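# What shape does this take:
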Amino acid sequence: MAEKPAIVLVHGFWGGAAHWGKVITELHRRGFGSLHAVENPLTSLADDAERTRKMVRQIDGPVVLVGHSYGGAVITEAGDLPNVAGLVYIAAFAPDAGESPGQISQEKPPAAFENLAPDSDGYLWVKQDKFHESFAQDLSAEEALVMAVTQKAPLASTFGDNVTAPAWRAKPTWYQISTSDRMIHPDNERRMAERMKPRRILELDAGHASLASQPGAVTDLVEEAAATAV
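The predicted structure is shown next:
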């Protein structure tokens with residue numbers, strides 16, 4: 001049996017690597033031994049893409065990059081490395097060249113757009129008292145509270161950073177749409193998914209944090225992508 005490829009998980013705005021916790025344990029249970037989760041600074045798309053590239057370059061053999069939310073923009077920008085065998089988008093941005101997550105959101109604003117609040121230092125937050133209903137309405141109140149309090153805010157300017165050369169135009173892709181997403185409009189997810197012509201589009205009745213509310217189904221999609229990389 002061929003060895004399973006490495007999996008590199010890339011978080012988005014308002015979260016860190018630990019948002020992947022349930023997917024990590026499920027992948028481990030299924031025999032994936034090389035698991036990695038990038039902790040991005042969320043200071044610019046260039047910074048986050050370079051941090052992700054550095055992790056990928058440390059890995060010998062094929063890698064499947066998995067991005068949630070803004071992490072999709074990161075893997076789009078960083079996924080051109082030769083050992084990247086596939087890209088998996090989990091309720092994620094997949095900008096084309098010259099597009100930014102902010103531009104895509106403004107074209108079709110998500111339901112919770114008004115629940116974002118900048119601070120005086122230039123960071124953009126999800127209002128704590130709106131986090132549950134905005135980001136993770138299908139998780140328990142307690143789990144959403146922890147996410148709200150520990151959220152990792154990006155520099156707001158990062159929202160406007162454009163992708164330069166989208167890796168999804170050259171790499172095999174898979175996309176999971178959250179049909180009840182309030183952070184990225186589900187129609188935006190469908191549009192981004194369809195234009196990349198992925199190997200599969202999976203629709204889940206889930207909020208934005210599908211990686212936490214439906215980790216089994218998300219892991220199924222990652223496992224499917226990994227099967228093509230060996």
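
# residues near the closest residue to residue 28 other than its chain neighbours, how many?
Spatial nearest neighbour of residue 28, excluding adjacent residues (C-beta to C-beta, 6 or more residues apart in numbering): residue 35 at 6.4 Å. The way it works is simple: take the backbone N, C-alpha and C, and place the C-beta from them, glycine included. Using other C-beta atoms under 10 Å, the number of residues around residue 35 comes to 16.

# Phi, psi for residue 35 please.
phi -120, psi 140 (degrees, to the nearest 10).

# How much space separates the most centrally placed residue in the chain from residue 60?
Central residue of the chain (C-alpha atoms, centre = their mean): residue 68, 1.3 Å from the mean position. From residue 68 across to residue 60, the span is 25 Å (C-beta to C-beta, to the nearest Å).

# Retrieve the pLDDT associated with residue 98.
pLDDT recorded at residue 98 is 97.

# doesn't it fall inside a helix?
No - read with DSSP: H, G, I helix; E, B strand; the rest coil, residue 98 is coil and lies in no helix.

# out of everything not next to it in sequence, what's closest to it?
Per C-beta to C-beta, 6+ apart, closest to residue 98 is residue 162, 5.3 Å.

# neighbours of the one you found, just the number please.
Quick note: residue 162 (other C-beta under 10 Å) scores 16 neighbours.

# Equivalent analysis for residue 62, please.
For residue 62, using other C-beta under 10 Å, the count is 20.

# ditto for the one 10 residues further on
The tally of other residues near residue 72 (other C-beta under 10 Å) stands at 30.

# so what's it closest to, chain neighbours aside?
residue 92 (2.6 Å).

# same question, residue 107
That would be residue 188: by C-beta to C-beta, 6+ apart, it lies 7.4 Å from residue 107.

# same check, this time on residue 170
residue 80 (6.8 Å).

# Contacts only, for that neighbour.
By C-beta atoms under 8 Å, 6 or more residues apart in numbering, residue 80 lies in contact with 165, 167, 170, 171.

# these two touch, right, the first one and residue 97?
Yes - counting by C-beta atoms under 8 Å, residue 165 does reach residue 97; the two are 6.3 Å apart.

# picking up where we left off before, distance check, the residue nearest to residue 98 against residue 209.
26 Å.

# Can you give me the distance of residue 71 to residue 17?
10 Å.

# So for those two, which sits in the more crowded spot?
In this view residue 71 and residue 17 are compared by other C-beta under 10 Å, and residue 71 has more residues nearby, 29 against 16.

# what's the spacing between residue 136 and residue 145?
10 Å.

# Just the residues contacting stretch 210-222, thanks.
Against stretch 210-222 from outside (C-beta under 8 Å, 6+ apart): 7, 19-23, 26-27, 30, 64, 66, 68, 88, 90-91, 136, 138-139, 143, 147, 174, 176, 178, 200, 202, 204, 206-207.
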